[in-house]
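S.K.: for reference, the sequence and a predicted model appear below.
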Amino acid sequence: MSKTKTEPRATHSDGQSGNVPNAAPLLGQRGKIVQEYGTVIYLPSGLDQQVRLDSVRNLNQVLADTIMLQDMYKKHHWQVSGHTFYQLHLLLDKHYEEQSELVDTIAERIQALGGIAVSIPHDVAEQTRIERPPIHREEVPVQLSRLLEAHELILKECHEFAKAADEAGDDGTNDLLVSEVIRTNELQVWFIAEHLVAMPLVKAE
């Protein structure tokens, strides 16, 4: 009686049980932390470690607040109502997209400095200085007021952190905060604030 020839058993390419690669994913993996939050790794960026540590700490604060503001814009985009619904619905979504771009830019700067960018919602919620809005739907003037207060908080800390970065010689962080974060937020403040002016629409007073 002849023996049946068996094919090589499929296995992972790490050589644990053979040499045939296996296309199946390695699931459920956990491992060691490769870098702790609040630290910076060495990168040949020309900046001292303490300068990078300070900038990463400041940028993570701006990042947490910017993520919160971004999410508030999306919340109010969905929940806005009233006779200005159409205009505000579009405007708030436009501002959301612009804040999303800032989030990515700030996070990449943090990583470029050797740090770790805050990201997961529960970590952001713990770190942000912006007042948490309720889960409920609020009146439009309250929604806009919350956005303006968040903008002001971010702008104040950006002015402080930009000055600190400038004095420390971190030109990249200073440029990001001044040229992108501050300018974007200032423009958005103008557009939102104009919706809270008690201006007659038909008959002048």
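M.R.: Perfect, I can see it now.

S.K.: wait, what's in contact with residue 148?
M.R.: Residue 148 makes contact with 189, 192, 193, 196, according to Cβ atoms under 8 Å, 6 or more residues apart in numbering. C-beta: built from backbone N, CA, C; applies to glycine.

S.K.: over to residue 159?
M.R.: Counting by Cβ under 8 Å, 6+ apart, residue 159 makes contact with residue 182.

S.K.: and the average pLDDT for whichever strand or helix holds it is what?
M.R.: Taking DSSP states H and E as the criterion, residue 159 maps to helix 140-168. Computed over helix 140-168, the mean pLDDT rounds to 98.

S.K.: mind listing what's buried in it?
M.R.: By neighbour count on 16 or more other Cβ atoms under 10 Å, the buried set for helix 140-168 is 140, 143-144, 146-147, 150-151, 153-155, 157-158, 161-162, 164-165, 168.

S.K.: ok, and the closest non-adjacent residue to residue 57?
M.R.: Counting by Cβ to Cβ, 6 or more residues apart in numbering, residue 38 is the residue found nearest to residue 57 once chain neighbours are left out, at 7.4 Å.

S.K.: I should have written residue 117 there, sorry.
M.R.: Of all residues not flanking residue 117 in the chain, residue 107 sits nearest, at 3.8 Å (Cβ to Cβ, 6+ apart).

S.K.: surely that neighbour meets residue 115?
M.R.: No - between residue 107 and residue 115 there is no contact, the gap being 9.7 Å when judged by Cβ atoms under 8 Å.

S.K.: the more surrounded of those two?
M.R.: For residue 107 versus residue 115, the count of surrounding residues by other Cβ atoms under 10 Å is larger for residue 115: 24 against 20.

S.K.: report how many residues lie close to the closest residue to the more buried one other than its chain neighbours.
M.R.: Distances taken as Cβ to Cβ, 6+ apart put residue 56 closest to residue 115, at 3.3 Å, once the chain neighbours are dropped. Taking other Cβ under 10 Å as the criterion, the count of residues near residue 56 is 25.
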